[in-house]
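# Generate coordinates for the sequence data below:
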Amino acid sequence: MQVLIGLGQRLTARAGAVATRALRLAYPPQCLTCDADVATEGTLCPACWQITPFIAGLVCDGCGTPLPGADEGVAVLCDDCHHIARPWGRGRAVMIYDDKARQIVLGLKYRNRHDIAAPAGRWLTRTAAPLIRPDTLVAPVPLHWWRLFRRRYNQSATLSAALARATGLAHCPDLLVRRHHTGTQDGRTRDGRFANMAGAINAHPRRSGLLAGRHVLLVDDVMTSGATLAAAADACLAAGAQGVDVVVLTRVAREA
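Numbers count the residues shown, from 1 in each chain. Presented below is the predicted three-dimensional model:
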């Protein structure tokens, strides 16, 4: 009987592999941001890779924005992080929110481009490497339930799940809750953004026990002023987290 079961499993796997190869022949994988063919699914073509604003070199240790000068292994802060008290410890960002990066975020956020999650998880893993510890708990910035109902998924939770899978870290997608609908942050001043988010996020009542003495890595799609991440970090610390770091897929380099 076991021999027959094993044979059936092998035949099923072989049939699946044949079907996958046939599908790839009919529909070869395409670049994440254009219709160019690529060798591997979930990648950018060479032309798009060159113009996607990945962050490299010297970055602010607080928010991940790129800085002029060479990376000499010493933590430095940007002007914003010198003047704004960040409740988290360290921050990193994969890309500057511009051009191709904006296209990637909007596709993930509004166009159901869940195929972006896996490569984004790899990018986040590489970028967040200096922040990761063995006891790190990964969690997304939460959406208000009404926005989650309308969108059907939290793009930040999609990213945090991909990061957790890539690293093998513990993941809690509902670690935090947004208490009230804060509306869009677009068009608000920096002070207005922070005022709008004050007290808006709390630890989930049934998940707060996970936070005691824990290091938390918060994940979001975009950082502008940092107000939303600050509210989320405050909520983690208030519930007993030992420390909080943040990583985002994109960073608005500097507010006007």
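# Now do stretch 89-104, average pLDDT.
Averaging pLDDT along stretch 89-104 gives 96.
# where exactly do the helices run in the stretch 51-200 of the chain?
Per DSSP state H, counting those that start in this stretch, the stretch 51-200 of the chain has helices spanning 79-83, 100-110, 117-128, 145-151, 155-167, 190-197. These are given in chain order.
# burial of residue 251, as a residue count?
27 (other CB atoms under 10 Å). (Each C-beta comes from the backbone N, C-alpha and C, glycine too.)
# what's across from the closest residue in space to it that isn't next to it in sequence in the sheet?
The spatial neighbour of residue 251 that comes closest, neighbours along the chain excluded (CB to CB, 6 or more residues apart in numbering), is residue 93 at 3.5 Å. The bridge-partner assignment for residue 93, based on DSSP bridges, gives residue 248.
# pLDDT weak spots in the stretch 51-200 of the chain?
Per-residue confidence for the stretch 51-200 of the chain (pLDDT under 70) gives these ranges: 182-184, 187.
# ok, now which ones touch the nearest residue to residue 69 once chain neighbours are set aside?
Leaving aside its chain neighbours, residue 69 sits nearest to residue 58 (5.1 Å; criterion: CB to CB, 6+ apart). With contacts defined as CB atoms under 8 Å, 6 or more residues apart in numbering, the neighbours of residue 58 are 66-72, 76.
# Now for these: which two are most distant?
Spatial extent of the contacts of residue 58 (CB to CB) is set by the pair 66 and 72 at 15.0 Å.
# any idea how far the closest residue to residue 178 other than its chain neighbours is from residue 95?
Spatial nearest neighbour of residue 178, excluding adjacent residues (CB to CB, 6+ apart): residue 144 at 4.3 Å. Look at residue 144 and residue 95: by CB to CB, to the nearest Å, they are 26 Å apart.
# Pick out whichever of these two has more residues nearby.
Taking neighbours as other CB under 10 Å, residue 144 and residue 95 compare with residue 95 leading, 24 against 17.
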